[in-house]
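Engineer: Can you look at this prediction? I've put the sequence above it.
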Amino acid sequence: MSDRKLDIAFWNYDRTRPLADGTIKIDGVNASFHSARVVPQIFEAMIRRRAYDVSELGMTYLLRTMDAEHPPFVAIPVFPNRAFRHSAIYINHAAGICRPEDLAGKTIGELALYGHDGGTVPKGILADEFGFRPERNRWIIGGIDFPMDPVDFVPQPHPDDVDVTMAANGADLGKLLDAGQIDALISADIPRCILDKSPNVGRLFADSETVERDYHRRTGIFPIMHTVVVTRELATQAPDIVKAVYQGFCQAKDNSAQRIARGMTFNNMDTMIPWLSNLITRDRDLLGEDWWPYGIAANRDAIDAVLRYNYQQGITRRRFTIEDIFAPYLLDT
């Protein structure tokens, strides 16, 4: 029997590259791999046109499709993009924000849409740990200096008591933050004013790495931004193929992790980042030998947090469970 042809899309990550370059093969699959300039373009192609059989998808993007009468996708427990997000909250120093509680009553910008993956998680953490309530704020949604198309291919709900408006076309939320026209900004992408070290702006958590490491020590959560989905038809008709796809992603990730670990023997001299080996050691000491785990068991708390945050923030109409969104035959991974 010939291998099944699949179109598979993801961004150019080190943990997926072994699939794209052929280092790792997916058993029983003749794969064509696709990417895009920015990852939301992959999401759009999958959601608008079902352009792929298998695709990376932001968790909040997936959950917005789950409220449909016939949800089009099923997730597999692969998480190509995850990030600690205390560092994604930026402030204007003149706004009088010295601690998380000071965000109350402020005007906050958010990248791309109300409840993007890099915004849902920090808002959830702020609510859990500091009593943050989004309805106390005015929200301005827009872009930053990096060009990105409007996210108009998914529903954009928000609770009725949350004041959300779109920024003017072409507005740069980073510039608005720098100028004091907004008080704070939550963004997965770093605005130019932060990269340029403008004296007007900074992070809410100035030593964000210390805060994020402490968060992981206390909770065990390494926040998840994106997962991988398959079409519901593929999930239903070809479970063995979907299992092989999952294994392929796992093998690709493990291949990259092993390459990074082996590189420590030579002080990771192929990469021009000083002290990189020390950073890898610190990360493995905190996060474990498998510091970027796939599967349900190692990620149950992190997945559940995302599902809860999306419900609490009014992005989904109901509180989804892990069993609602992941392929049933991969729940024991």
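Structural biologist: Thanks, I have it. Residues are numbered from 1 along each chain as shown.

Engineer: So which bits of stretch 313-327 are buried?
Structural biologist: Residues of stretch 313-327 classed as buried under the neighbour-count rule (16 or more other C-beta atoms under 10 Å) are 313, 314, 315, 316, 320, 325, 326, 327. Every residue, glycine included, has its C-beta placed from N, CA and C.

Engineer: does the fourth one sit in a helix or strand, and which one?
Structural biologist: For residue 316, there is no helix or strand it lies in under DSSP states H and E.

Engineer: Need the phi and psi values for it.
Structural biologist: phi -110, psi 150 (degrees, to the nearest 10).

Engineer: would you list every one of the strands in the stretch 201-333 of the chain?
Structural biologist: 201-203, 224-231 (DSSP state E, counting those that start in this stretch).

Engineer: Include mean neighbour count, distance to residue 83 and mean pLDDT when you put these into JSON lines, please.
Structural biologist: Conversion of the strands of the stretch 201-333 of the chain to JSON lines gives the following (neighbours: other C-beta atoms under 10 Å; distance: least, C-beta to C-beta, whole Å; pLDDT from 0 to 100):
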{"stretch": "strand 201-203", "mean neighbour count": "18", "distance to residue 83": "14", "mean pLDDT": "98"}
{"stretch": "strand 224-231", "mean neighbour count": "24", "distance to residue 83": "6", "mean pLDDT": "98"}
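
Engineer: Kindly state which of the ones you listed is positioned closest to residue 60.
Structural biologist: Using C-beta to C-beta as the criterion, the shortest distance between residue 60 and the strands of the stretch 201-333 of the chain is 8.8 Å, found for strand 224-231.

Engineer: how about the CA coordinates for that closest one, as PDB?
Structural biologist: C-alpha atoms of strand 224-231 as PDB (Å, rounded to 0.1, in the frame of the first residue of the first chain):
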ATOM      1  CA  ILE A 224       1.500  26.500  25.900                       C
ATOM      2  CA  MET A 225       0.800  28.900  23.000                       C
ATOM      3  CA  HIS A 226       0.200  26.600  20.000                       C
ATOM      4  CA  THR A 227      -0.700  23.000  19.400                       C
ATOM      5  CA  VAL A 228      -1.000  20.900  16.200                       C
ATOM      6  CA  VAL A 229      -4.400  20.000  14.700                       C
ATOM      7  CA  VAL A 230      -5.600  17.500  12.100                       C
ATOM      8  CA  THR A 231      -8.900  17.700  10.200                       C
END
